[in-house]
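1. Fold the stuff below for me.
(2 chains)
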There are 2 protein chains.
Amino acid sequence: MTTFELTKEYIEKLEAAIEQKDEKLLKAEMDELYPADIAGILLELDGAQGHYLITLLDTETGAEILSHIDPEVRKTFIKEQFTVEEIAKYVNIFDSDDAADLLNEQTIEVREKVIALLDDREQARFIIDLMYYPKDIAGGLMQKELVKVNSNWTVSECVEEIRRQAEDVEKVFAIYVIDDDQKLQGIVSLKQIVLARKNTKIENILDDDIVFVETTAKAEEVAELMQKYDLEAIPVVNTLGRLLGRITIDDVIDFITDKAEEDIQVMAGITGEAEEDDSVWQLAKARLPWLVVGVAGSLLAATVIKSFEAEFQKVAALAAFIPIMGSTGGNVGIQTSSLIVQSLAEKTGITTSLWQRLLKIILVALVNGLVIGALAGAYIYLIGEPDLFLVVCFSLLSVVVLASFMGTVTPLLLDKIGVNPAIASGPFITTANDIIGIGTYLIIADLLLHL
Amino acid sequence: MTTFELTKEYIEKLEAAIEQKDEKLLKAEMDELYPADIAGILLELDGAQGHYLITLLDTETGAEILSHIDPEVRKTFIKEQFTVEEIAKYVNIFDSDDAADLLNEQTIEVREKVIALLDDREQARFIIDLMYYPKDIAGGLMQKELVKVNSNWTVSECVEEIRRQAEDVEKVFAIYVIDDDQKLQGIVSLKQIVLARKNTKIENILDDDIVFVETTAKAEEVAELMQKYDLEAIPVVNTLGRLLGRITIDDVIDFITDKAEEDIQVMAGITGEAEEDDSVWQLAKARLPWLVVGVAGSLLAATVIKSFEAEFQKVAALAAFIPIMGSTGGNVGIQTSSLIVQSLAEKTGITTSLWQRLLKIILVALVNGLVIGALAGAYIYLIGEPDLFLVVCFSLLSVVVLASFMGTVTPLLLDKIGVNPAIASGPFITTANDIIGIGTYLIIADLLLHL
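-> Okay, here's the model as predicted:
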């Protein structure tokens, strides 16, 4: 395939064709593209145009396109453009996990109507089962579609089951083996089915040493397990060990990338899920909370500085070193906390004790503090303010050590109380360290210079 | 399975058993664990202990364990503990991509010796083919192991080929169909093989509408394609369209998480790949470069402030607002640049023109600047410094707009010249905005107060 590249010209061509209701051209053009690419095109069209384009295509393709649209965009698009009958037509052939997600985006009223309208009653049952789970646990990521066989079946009975399920289960990966109580016994790979003799019993070829999760397992944990053991799909069971569904790797990848994006936004001090193409007002709103925290912190710092007003009048050069205290504190704090956040996320190895961690971090801080102090010291010598030499060097060393301490303890505390520790790598730590840095500096100056 | 939890007690028990060379206990314990878990245990043992433990187990398990160890750790572990004969024994049964990675970590001398010692000559050829590719392109991610069949074969010939390759190709996913010139024609899923009749020709069931990449495609691009089209494996071809290998989803997930971790470190101002459990010296070294940049920037700011020394002596309260200018500039700069970096990484939709982007960002900046200015203004009114009201409000507005501008233009420029734009979300932008913020403030103060 040649990768599809979306251009302004192409969109204009489509818009013109939609305007003229040129069905033949539109169908021919869409036939060349994958549903994921068409989903990208819809983002550039207005709602009515997008609805017209989707309804031109067959239901199968339409459903695939809808499953590829970003949930936030889809929510409004579906609500504004589609009738419940239309929604039901697409939801009918969605994978059950995608169907539950789509319906969870809509109002209860729409949900109920759509479920009542579904032709496929098994699908309706699947969806009702799944809608109940929050999105961030295994139950919320799993789909009901899978091929399951009884351990006392033969390979040819298993092939028949695959044939029966072929339409519903697009990607088989592995066949799940259960006992008479629906309890998960193991898996058989498709490769084994291809290679085994027809009358072989499934119980003789099944792999019972498998990794599975319960519905309540956290999404992070599922992602970690699938990545660690290189799994394409992981079975989900209830507390009794009964097979309820499976989670496929594509949903977990989406979770991993969303999580990384979220962490980066948290670090950058952006609240909510902002995208560059949001409206001016949405973008401003997403940034304001942390900007306000930053400003509040800086005004607190201003109050501290103002209370040393007399000292500044005596030694005006003191003001020159305010920025270095604030920014060094901020930088050191972010560096330290992001390493702690990372090690919390990886959860590998034995957890080091808090004291060992702190000792090491303080040692690193001393090394860095000495280097930075030396640089600043050289600068002070050059500009001819020898009085400030001791004050600045000693303050920098203290700031680096204090900021390292804060950067270690804050994410650990946040993690303990169940808050995303990445927050500690954002404006929060910068602001706190700004104040601590400047306060430390002024107190040390006061003490050493006897102002 | 019950998820394995590594404890200090467990490690001590293993260390004691290794000390006493208690092979029976060790083998029994390791038999309970997955190779990925044993790889985690090795990180806690010293090199000689790890080597002893691995060599106790069968070669298959040993190879799987080695393929799960972090490359940085493995490099030294292999170099210090293993003979070339031992390395060859494991590399012989590695997947070709992992084998090439492992050998690329070692010296040319070791590489040559190991390749010469390999029993499996096909594996040797595979490895030599792969070692040539850099790690960040499709060629460097692909493995040679796959099942390929000619389009004029029948399904039962295809099953025979799967049987022949069964040992080498652990996960089949799909069967690749080629013509007499080795050119990729399409794929057939294992499900289709299971369901098709034995004498059906492959050309009648193949799917020729497939996504593939050339060896030179960037790893980012591969990851994006596999995620967009929900692929578990993607075939890799040369410029002539001949099938050379395939990339499986597990390698791409590792790439995605490594990339996210790298971006977060870049944002936090940490150079190289630091981990919390690195040595004090390594950790200090990874942080120093950006700390020094930060200090240099702050000293530049100090010079700017010092040149306004006379003004500070006249209006001492001026110093109180230095931190708010610096930190607001930094916060706004990071927020803006991280959204730009994110939209660069997503590459979805049509690229907005620079002017549209700037216009929008400036509008967002004006909204935020007004809110922040109002807050600071209220504070100034409260502390009774009405002279500074206009200066601080006007400066804050300018700083927010300037920092937004910088935060937009810097990552776009870096991306254009081929540098990771995430750098622009790190200490670089904070430092630059510190200086710009403080400079702007002092110039405005000078102009408005006629000092």
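
2. which ones are touching residue A:118?
-> A:88, A:91, A:92, A:124, A:127 (Cβ atoms under 8 Å, 6 or more residues apart in numbering or on different chains). Every residue, glycine included, has its C-beta placed from N, CA and C.

3. Next, format the residues you listed as a markdown table and append neighbour count and secondary structure.
-> Shown next, in a markdown table, are these (neighbours: other Cβ atoms under 10 Å in any protein chain shown; DSSP: H, G, I helix; E, B strand; the rest coil):
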| residue | neighbour count | secondary structure |
| --- | --- | --- |
| A:88 | 19 | helix |
| A:91 | 27 | helix |
| A:92 | 17 | coil |
| A:124 | 20 | helix |
| A:127 | 26 | helix |
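
4. between these, which is nearest chain B?
-> Chain B lies nearest to residue A:91 out of the contacts of residue A:118, by Cβ to the nearest Cβ, at 18.8 Å.

5. if I look at the residue nearest to the closest one when sequence neighbours are not counted, how far off is residue A:111?
-> Of all residues not flanking residue A:91 in the chain, residue A:99 sits nearest, at 4.8 Å (Cβ to Cβ, 6 or more residues apart in numbering or on different chains). Computed as Cβ to Cβ, to the nearest Å, the residue A:99 to residue A:111 distance reads 11 Å.

6. which residues does the residue nearest to residue A:91 contact?
-> Listed by Cβ under 8 Å, 6+ apart, the contact set of residue A:99 reads A:91, A:123, A:126, A:127, A:130.

7. Which of those sits closest to residue B:135?
-> Using Cβ to Cβ, residue A:130 is the member of the contacts of residue A:99 that lies nearest residue B:135, at 39.4 Å.

8. mean confidence for the strand or helix carrying the closest one?
-> Using DSSP states H and E, the element containing residue A:130 is helix A:121-131. On average, the pLDDT along helix A:121-131 is 92.

9. swap in stretch A:38-50?
-> 90.

10. And the contacts of that stretch?
-> So stretch A:38-50 is in contact with A:6, A:11, A:14-15, A:18, A:30, A:33, A:53-54, A:57, A:61, A:65-66, A:68-70, A:73, A:76-77, A:80-81, B:348-350, going by Cβ under 8 Å, 6+ apart.

11. so residue A:244 makes contact with residue A:214?
-> No - if you go by Cβ atoms under 8 Å, residue A:244 and residue A:214 don't touch, sitting 9.1 Å apart.

12. list the buried ones in the helix holding residue A:130?
-> For helix A:121-131, the buried set under the neighbour-count rule, 16 or more other Cβ atoms under 10 Å in any protein chain shown, comprises A:123, A:124, A:126, A:127, A:129, A:130, A:131.

13. okay, now the closest residue to residue A:399 other than its chain neighbours: neighbour count?
-> Distances taken as Cβ to Cβ, 6+ apart put residue A:437 closest to residue A:399, at 4.5 Å, once the chain neighbours are dropped. Residue A:437 has 30 neighbouring residues, counting by other Cβ atoms under 10 Å in any protein chain shown.

14. now the most centrally placed residue in chain A: how far from chain B?
-> For chain A, the residue sitting closest to the mean C-alpha position, by Cα atoms, centre = their mean, is residue A:259 at 1.6 Å. From residue A:259 across to chain B, the span is 8 Å (Cβ to the nearest Cβ, to the nearest Å).

15. Just the element for that residue, please.
-> Element membership for residue A:259 (DSSP H and E) is helix A:249-267.

16. relative orientation of that helix and helix B:249-267 in degrees?
-> 0 degrees (axes from the mean of the first three to the mean of the last three Cα atoms, to 10 degrees).

17. Can you name the residues in contact with helix A:249-267?
-> Contacts for helix A:249-267 (Cβ under 8 Å, 6+ apart): A:97, A:141, A:143, A:219-220, A:222-223, A:226-227, A:231-233, A:271, A:273-274, A:334, A:338, A:341, A:420, A:422-423, A:425-426, B:227, B:230, B:232, B:249, B:253, B:256-257, B:260, B:263-264, B:267-268, B:338, B:342, B:425.

18. residue boundaries of the helices in the stretch 101-250 of chain A?
-> Using DSSP state H, counting those that start in this stretch, the helices of the stretch 101-250 of chain A run over A:108-117, A:121-131, A:138-141, A:155-165, A:190-195, A:202-205, A:219-228, A:249-267.
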